[in-house]
Every structure is written in C-alpha cells, then in structure tokens.
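Undergrad: take a look and give me a structure for this.
(2 chains)
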Amino acid sequence: MKFTYNWLKDFVDIRLPAEELADKLTMAGLEVRSLEAKDGDFVFDIEITSNRPDWLSVVGVAREAAAITNSKLKIQSLKSTSGSQSLSPQPKTSFKIEIEDKKDCPLYTAKIIRDVKIRPSPEWLSKRLEMVGCRSVNNIVDIINYIMFTYGEPMHAFDLDKLDSDKIFIRRAKKYEKITSIDDQERVLEQDILVIADKEKPVAIAGIMGGKDTEVDGSTKNVLLEAAIFNLIVIRQGKRKLGMQSESAYRFERGIDYETARNASWQATRLIEELCAGKCVLAEESGLPAPKKTKVNLSLDHTGKLLGVNITSSRVKSILGNLGFAVSFKSKGVFSVETPLSRQDVKADVDLIEEIARVYGFENVPVTLPAVKPQVSAYTDTDRVYLIKSILISLGLSEIISYSLISKDLLKGMGQYSLVEIRNPLSKEQEVLRPTIIPGILKAIAVNLNQKQSFIGIFEISKIFSAGKDNPREDIALAIGISGVKSWLFSQGQIKDEQGLLHIKGIISTLLERLGINDYKFVLSPDKSVDIFVNKELTGRASRVIKETLDNFDIKNKEVFIAELYLGRIINLVNLNRKFSSLPVYPSISRDISVVVKKEISVDALLDEIKANAGALLREAKVIDYYQGKQIPDGSRGLTFSCVYRSEERTLTEEEVNSAHLLTLEVLKNKFQAQLR
Amino acid sequence: MDIEAIKKQIESDIQNISSSEGLEEARFKYLGRKGVLAQLTATIPSLPAQERAVFGQQANILKDKIANLILEKEKLFGSPASGAMQESVDIGMPGVSQEVGKLHPITRVIDEICNIFLRMGFQVVEGPEIETEYNNFSGLNIPLEHPSRDAFDTFYLKDYEKLLLRSHTSPVQVRAMKSRKPPLAIVVPGRVYRPDAVDASHLFMFNQIEGLMVDEGIKFSDLKGILEVFARSVFGEDIKMRFRPHFFPFTEPSAEVDISCIICKGRGCPVCGRKGWLEILGSGMIHPNVLRNVGYDTKKYSGFAFGMGIERIVMLKYGINDIRLFFENDLRFLRQF
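TA: Sure thing, here's the model as predicted:
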C-alpha cells in the first residue's frame, strides 16, 4: 500500500526523518518495500500482511506510527457531517435499501447527494492521488478514492438519475444476468455473485466493481453514495469466479468494520460539501446491528513467560492503549482488554502478546537457548537414504533432482500406469504425479548429451505415485541411468569402457552388498529387460532403453541404460550389523579354469555347476576374465574362473584339491561341451 | 646334505657378486621357487621324524641369513631397481584414480542444516507429499476461504477429494505432534509444491526445511537463540540477524528472519535489493489453536516453529542466480558442488 509522508502527518504528529520512520515501520511488521522522495514529499510503499486490513489506510498506519514513536494521533471520527441540520429537508427524498440476506451485507449505508457539480478536483487532491499512483478523474470519483486510501473503506457513487427506482437491492445475481462493468467489459454473472441492483438489473458487482450504465459522468446531477460491508467470503469467491481484482475487492475480502464504513461515508459526504461538489439530503442505513467488541483477558505473567522477557504493567498498558485497545484492570497481574472493531485479527491473548512484542521491539527480546532433553536418536530411513546416496556417488554416479509433476506424454511406451492426476495444473507439464522416475532420468541424460558429455552416470531418489482404490499410493524409488563411454587413464594407458547393462548390475550389486543384502539375483526376462530379485521378490528392473522412448526424449544415436528399484523394500532390508568371522588359519589353494563355451551358456549356469561339483572345500568361485576374438570360434567365448579351496581344519594337499578340480572340469566338458584352454 | 657346507658356499658366492644383476640371479638361485632353499625344505618329509624339526629350523635360519646378505649387498649397489622406477615417473601425469559422483547441492545443504539441528538435540522426521486438506491447512489454523490461503496456493488431486500436494512442510508438524508427546524437537526436510509460474526465482516444486520444538516453558527468546546458532553455523559467525514481525496463521507472535547480506556485508547491493538484509526464513511461537488441534495442553506446553526454502539458502550460500538450474540437472552445474 502506498501513502505519502505529508498525508500521514495529517493524522499523526510525527517529526522523524522519513528513512528513520521507514526502518521503524519495517521492524514493527509494516515492511517498507520502497521509500521515494518526490515533489517535496516522500512516497512509502508498504507490504501489508493479510491479517491487518486496518493497515490498508493512512489512518491505520498513522495509529501504528503513533504507537511505535510515541507520537500524538490526530484522528477524528464522524458520526454525521456536522450535525443533523446539514441534511437539508427539502426537497423531500425517499430512498429504500433492501438487503436479500443480511449475512451477505451486514451494513449498507446510502447518502443521497443533490446538485452535484462535476468538475476537476482541486490540485492538492489530484496531486495526492497521483503521488500514490491513482489517476485523477473528477471531484466525486477522486473524493471517493481519497477517502478509501485515507480510511480504508471502498465506496461507490451511482448516478442517481440513471437508477430506475428509488429503491436499491443487494441480492445474489440471477443465472445469466449480465452487467457491463466500468472497465467496459461485459460480464455474465453466476447465481452466487452478490450484486447491487435497481428494480430491473444489476448496477454493480458488490464490492468488486461498479456498472458502466450508472457511472458518474460529466452530466451527473444527483449521486447515490454507497459505503457498505460485504461478506468477505462472498466477495472472495465472486472475485475468483469472475477473475477480477480491484482495490475495492482487495479490501473487502480482508474485512471492513462498522466504524470504518460509517465514518468513511460521513467523511466523504463532508468533503463533497466542503468542496461545493454537492449537498447531502438524505442518509439511509440498513443491515445487522454492529457486533459486540470482544474482550480478552491478558496475564502479564503469561506474557513474560511466552516472550522470555518481563515487560512492566504500565508499558503493556500504554502500548495497547496507543494501538486503540481499551485496557482495564481485571485482577492482580491480569488486564481485561477490549478490542476495537477494526482489529478483528485479535481473538486471544497471544494476539495481544504479539502486539506488545511488536511495539516493544523483537530486537529487545533477549536471546536464550532452551534446555534440550536428550532423546534416543535412532538410525532412521532418512539416514539409510543418505547412506545409499553416498554409496552411489562413490560408484561414480551424480545425484539429480527432477520434477515430480510431469506431462503424460513422457510416459509414452513405458507401460501401463494408474496415474494420479492434478486437478489444477498451470500447464500440461504438470498434469500428473509421476509413477516412475525414469522420465526425469532420461530428460537429464538428454540435456547432458546435448552438452557433449562423453559419460553420464546419474541417479535420483524420490517419491513415485500411483492411483489406489481409496487413496493414492506414494512410494520411494531409486532410478539410475548411464550412457556413453567412460575413459580411464591407467598406468597402461587409456582404457575406454563403454557403458552397458553389466555396469548397472555392478552398481546395484555393490549397493546391495554394502547395505548388507546378499540375497539378490538378476534375471533376463523375455523382453530383454532384467528383473532384479531381492530376497526372492521382484524389486526392480533394469533395461536398455528402446529407440521409440529415446526418440520421445530427443536422444539420438546413443545407448542409454536404466534401472528403477522400489527403494522402500530395500530400505526395510538394510542390515548394517556385522559379525566378525575368524580369519582363516590354514592357507588356501587357488586354481583357475579357462574354458571356451558356446555363448548361450550363461555364467550363472557354469558357476552353479562348478559349485555343485567342486566339493565342500571350495570357498569361492568367480569369473576373473572373459574374451572373444580370433582364437575363439564364432558363437563361443572364453571364460576364466578362479576357484579357491580351503579347509578350516588343516592345510590342504595338492592332491585333494586336484581331484575335486579335475572332477569339476570333467563335468563342464560333458555338460556344456566346454573346451579347456 | 650338510647345511653348514651349503651355508659357507653361498656366503662366499654372495661376497663375490659385483653387480645388481648378479644379485638378482643369486636371489633367484637360492630363494626362488625352485631354488636351493626350496629344494632343501622339500627333502624334509623324507627325513626320519626325529630329525625333521632340527633340520627345518636350520633351513629357516639359513634362509634368513641369505636374505640378509642379499639385502646388505643391495645397499652397496644403491638398490638400482627402485631407483630406476623413481626416475621413470612423470609426476605431472594425472594420478590414477576413480572419479566419484556428486550429491545434488540441495541434498548437501539439507544434510548440513539437519546436522546443525541434530547436534542441538533435534531429530529428523519426514512426511508424505500427498496430504489432506486438514493437515495442510485447517490443522494449522489456516481457515478455509481466507486470503492467507493465497500464499499457500495449492495443487489439488483430481480423483481424490480433500487430497492435495502439500504446499509446505508444516503438515508434518501436525503428524509429528499427533503421534508423539512433548518434549519434541524435530526438523523436517522435503519437497513441496505450489502452482507458481516459473522464472529465475520461482518454481512449482521446491524444497523446504521445517523445525519445531515443543516443551514446557519454551519461549520466544529460545526461538531467537536456536535460529541464531543455525544462521551462524550456515552463513558464518560474523553475520547479523534481525527478527521482523510478520503474519503466519500457525504462529503467534510470528517473525520473519533476515540476515545481514552475505554479499555486501549489509552495505547494500543488487542481491539484497540495496537493503543490506536478506530474508531467510519465517518463524514464530506455535499458535495455541495448532497445539489444541493435536491435543496438547496449552496451559502446560508451548513451542516454536520455523520454516525456510532450501533453494534460497543454497542460492545464497553458493551464489547461484537462477533457481531453474537446480532441476535442469546439467552435470556442468552439478559437478561444481
């Protein structure tokens, strides 16, 4: 909200430099966004919190400024212009206000102003409005705006002669009723929008904008001046439905009180008469009785305990008094505080405590530390996820974060998902909650391929979502994506390592083992993707990304490999307990097996056979090398296994090992037609 | 075979060696896999049982002796083998190493902030991203149809009435307090969502950290103390802080917290809008209505809460000027942290 320093000074006797006042206002909760010196005055622009509609007026800010600087207020409230005699009885005018539902409009005041002379405003008035960015129109419109900025009550002036009756109605709109608002837009109203109407038609959208047909213009002779209170929820909903915003709606949806509405109506009337712009001949009012002022009990002891500082009883009394609260003594250490109607935000003692602290100054509250009671701090899932991330980065992958909201298009060809859709997305890119992280991974890979990264290894851990019968499901997942060639510079020179599914397998195996999960298996499924079983249950899948999908992400001429795991299941299986097993006492004997076998024969099958036949002394069997090339016939490959034999009771002799080992070789030969090399 | 004789022979042999090559030969000849010593030990099983132990012992002593002699001789020749190795290394070559990945800067800062609070006795708690209207709003004293909801503009789900994407991490306050009794001191990191148009400082998804402490006698001055420890730990000992009154429906009194601009040290620069101050978080004493909603006795317990946007903290900390960089996942960006 904007105001000028001189405008403020009309209502408070204050002599601080403008910058100093700006600082004080900011530190009291009226954050000064900008302060600008202009034409011998200063324009303040302050940010108002939604709980303080009373600050949307110069007098509201003046009250605050008076309280924080201990200055004298100069605000006078009017109950009439200058006594009832100012209402000239002639000619006798009759005017009726009819409110359909007084909950929609708890107060409607109407003033009939006759003999209106429309002309430009005096310079002081038009200049003040222009200083705060409001265009000067004519004396009547300017006065209404000036009063709104000064007192916070939005008002409206109708050309009385353009209304077709001496009765005004405040009612909900009928279906398909139309109105052209003063911004020249024709608007079709819905049933629940509140309007001001004459007998025939709506003449204003209540609290939001007036109608073009009944607008005050150069030929206006008589005016109906409206100052009302409208139900803030009704205004808010109406504004949203119509997609409209106005200074008026901004104030009504935050709440206006009786004192403000009535006072502003009389202040405007007086100013109209003072500027010889017309004469008030009738004042009508309808609505509900004003609500009772609330009383709140405030304990000084509680105030001190909540803030951590003791503020004296006299200081508390003066702070609240300056802010317009009526403070009376209730019992020892307890005040009874009556709230002005303009302060509907104050409902309980904590609200008063905030007022006291604000004016006392947050900076004057000491700094203390609470006594923390130590609590058992268990190893949580948050810690487990962090451990998983640390393992993955140690394996050369970088963590990404991508959007949980995506477009359905990105899921094309990725399988069937039951999607959780968003009711109010801003764009197609936010239409569903993602059921898989893979699109995020592929988008990131596409971005980095565009940057000519030769190797990309990334992962993300986040929630994935799917529609359930009664509730949507939310699960935690891990996705990994790799692409390109990793170059290593070893002492032998450069080694180029083209990424593939085995790299994915290596990452996941290492991860699981580090997490203490040893029962896992990678199984090739008919569609060439790889099912990942953990503790015998399907827990994830890895695959080479198909071309159609790559096209969808604009990835050209590159192979991409991905995996996604249900991390929730893995987190539950994490076992970081370790048990020491004694180091072997007796030496082991190691034997290598080098064979050439048909390509279709899997390493798993060979290893199973080795383990089944090598006898109880075999401790470990693994592939240590594999090769294809000139020496190996087409359709075959060479494999080298290392077998380690050991007894825990004695030193093994070569003979014992040889017999087990030869048996194994024999079986491999017979079963797989393996050729020994 | 007479071990003594063999020993004498070998000793004189080694004495006569005059080059490091010769030394290598001798090493191979005596200590190699099929060397003299190996042959000697191989005869042990064939000896009478009572002689084996003595013979084995003598063979071992001999082996040590030879090894020592070779070592001594090696020193004379200035251990040419290892010397040659040193000469051939160009230490300007890149070291042989494995490249490790990087954590996302947001993860790093979340972890850093959580650790500050963990050291002060807080616990880390997380909650779901799909929330109920109650936990996101009503339970936090944010009434339906109130302008205060504007600030928490929200994505709603299509087929589930009253379910939404949490617009802040505060609903986890409600969950944590409902499931536990005071004393309670928690921090809550997580993703939140708001339908904001995307620009250099706004996104429709971002991360927050929420903090909460409830116990008997918790006061506003404690909030100031805890947040001061936090801000100094993250931004440095010499920063200044200020608490500005503000409005949040779930706290009363409420305060926004500014730190002196870490770029210009409070003198005023474009980053702080020439104000010298940077807003970093919102905070306040938990509104009694919120405590009542979770069934806490407001006569006995009080507490404070605070919340901040992680991206803003990361941007200030690392001098990042565009929030969109966080989710584009350009490795040239991610590898900087």
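Undergrad: so what's the residue count around the nearest residue to A:Lys212 once chain neighbours are set aside?
TA: Distances taken as Cβ to Cβ, 6 or more residues apart in numbering or on different chains put A:Thr180 closest to A:Lys212, at 4.4 Å, once the chain neighbours are dropped. C-beta here means a position set from N, CA and C on the backbone, and glycine is covered the same way. By other Cβ atoms under 10 Å in any protein chain shown, 14 other residues sit near A:Thr180.
Undergrad: counting by contacts, list what whatever helix or strand A:Thr180 lives in packs against.
TA: In the assignment (DSSP states H and E), A:Thr180 maps to strand A:178-180. Packing contacts for strand A:178-180, counted by 3 or more Cβ pairs under 8 Å, 6 or more residues apart in numbering or on different chains; DSSP states H and E, involve strand A:186-188, strand A:202-205.
Undergrad: which residues touch A:Asn471?
TA: Applying Cβ atoms under 8 Å, 6 or more residues apart in numbering or on different chains to A:Asn471 gives the contacts B:160, B:163.
Undergrad: how about stretch B:264-277: buried residues?
TA: B:264, B:266, B:271-272, B:275-277 (16 or more other Cβ atoms under 10 Å in any protein chain shown).
Undergrad: one more: stretch A:56-67?
TA: For stretch A:56-67, burial by neighbour count (16+ other Cβ under 10 Å) applies to A:56-67.
Undergrad: returning to that earlier point: tell me the most buried of the helices and strands packed on strand A:178-180?
TA: Across the helices and strands packed on strand A:178-180, averaging neighbours per residue (mean count of other Cβ atoms under 10 Å in any protein chain shown) puts strand A:202-205 on top, at a mean of 26.
Undergrad: could you list the paired strands of that one along with their orientation?
TA: strand A:194-197 (antiparallel), strand A:209-210 (antiparallel) (DSSP bridges).
Undergrad: how is chain A divided into domains?
TA: Domains of chain A are assigned by automatic domain parsing as A:2-73, A:84-287, A:295-362, A:381-573, A:589-676.
Undergrad: and these as TSV, adding mean pLDDT?
TA: Formatted as TSV, these follow (pLDDT from 0 to 100):
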stretch	mean pLDDT
domain A:2-73	95
domain A:84-287	91
domain A:295-362	95
domain A:381-573	95
domain A:589-676	91
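Undergrad: helix, strand, or coil at B:Met315?
TA: Classification of B:Met315 using DSSP: H, G, I helix; E, B strand; the rest coil returns helix.
Undergrad: is it in contact with B:Arg324, as I believe?
TA: No. The pair B:Met315 and B:Arg324 fails to qualify as a contact (Cβ atoms under 8 Å) at a distance of 11.1 Å.
Undergrad: can you tell me the element residue 97 falls in?
TA: Using chain A here. Per DSSP H and E: strand A:96-99 holds A:Ile97.
Undergrad: ok, and what's touching that strand?
TA: When contacts are defined by Cβ under 8 Å, 6+ apart, strand A:96-99 is touched by residues A:105, A:108, A:110, A:166-171, A:284-287.
Undergrad: per-residue pLDDT, B:Ser201?
TA: Looking at B:Ser201, its pLDDT stands at 86.
Undergrad: what is the neighbour count of it?
TA: For B:Ser201, using other Cβ under 10 Å, the count is 14.
Undergrad: which non-adjacent residue is nearest it?
TA: Nearest residue to B:Ser201 in three dimensions, chain neighbours excluded: B:Ile323, at 5.5 Å (Cβ to Cβ, 6+ apart).
Undergrad: quick one, what contacts that neighbour?
TA: Here B:Ile323 is in contact with B:200-203, B:206, B:311, B:315 (Cβ under 8 Å, 6+ apart).
Undergrad: longest strand in the chain, please.
TA: As the question left the chain open, I've gone with chain A. Across chain A, the strand with the greatest residue count (assigned by DSSP state E) is strand A:473-490.
Undergrad: actually, chain B is the one I wanted.
TA: Ranking each strand of chain B by length (DSSP E) puts strand B:205-216 first.
Undergrad: if you look at the helix or strand following that strand, does any of it touch chain A?
TA: Once strand B:205-216 ends, the next helix or strand along the chain (criterion: DSSP H and E) is helix B:220-235. Yes. Helix B:220-235 reaches chain A (Cβ under 8 Å from any Cβ of the partner chain) through B:220-222, B:224-226, B:228-229.
Undergrad: give me the contacts around helix B:220-235.
TA: With contact meaning Cβ under 8 Å, 6+ apart, helix B:220-235 is reached by A:306-309, A:357, A:362, A:365-370, B:112-113, B:116-117, B:120, B:211, B:213, B:239, B:241, B:243, B:253, B:255, B:257, B:259, B:262, B:280-281, B:283-285, B:304, B:306, B:313, B:316-317.
Undergrad: format the buried residues of stretch B:264-277 as TSV; extra columns: distance to B:Leu334, pLDDT and secondary structure.
TA: Converted to TSV, those look like this (distance: Cβ to Cβ, whole Å; pLDDT from 0 to 100; DSSP: H, G, I helix; E, B strand; the rest coil):
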residue	distance to B:Leu334	pLDDT	secondary structure
B:Cys264	28	88	coil
B:Gly266	32	83	coil
B:Val271	23	83	coil
B:Cys272	27	86	coil
B:Lys275	32	85	coil
B:Gly276	32	90	coil
B:Trp277	30	93	strand
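Undergrad: and those residues, which two are furthest apart?
TA: Of all pairs drawn from these, the widest gap by Cβ to Cβ lies between B:Gly266 and B:Val271 and measures 11.6 Å.
Undergrad: and A:Arg473, how many neighbours?
TA: Neighbours around A:Arg473, by other Cβ under 10 Å: 15.
Undergrad: in this structure it contacts A:Phe465, no?
TA: Yes. If you go by Cβ under 8 Å, A:Arg473 and A:Phe465 touch, sitting 6.7 Å apart.
Undergrad: where do the strands of the stretch 251-400 of chain A begin and end?
TA: Residue ranges of the strands in the stretch 251-400 of chain A, as given by DSSP state E, counting those that start in this stretch, are A:279-287, A:295-299, A:326-331, A:334-338, A:398-399.
Undergrad: and the fourth one, which strands flank it?
TA: According to DSSP bridges, the neighbouring strands of strand A:334-338, each with its direction, are strand A:295-299 (antiparallel), strand A:326-331 (antiparallel).
Undergrad: any idea which of these is most buried?
TA: Neighbour counts (mean count of other Cβ under 10 Å) averaged over each of the strands paired with strand A:334-338 peak at strand A:295-299, with a mean of 17.
Undergrad: which residues are contacting that strand?
TA: Strand A:295-299 has contacts (Cβ under 8 Å, 6+ apart) with A:316, A:330, A:333-339, A:346-349, A:351-353.
Undergrad: one more: stretch A:379-389?
TA: A:399, A:459, A:461, A:476, A:478, A:511, A:515, A:567, A:570-571, A:574, A:576, B:103, B:107, B:111, B:114, B:123-124, B:126, B:189.
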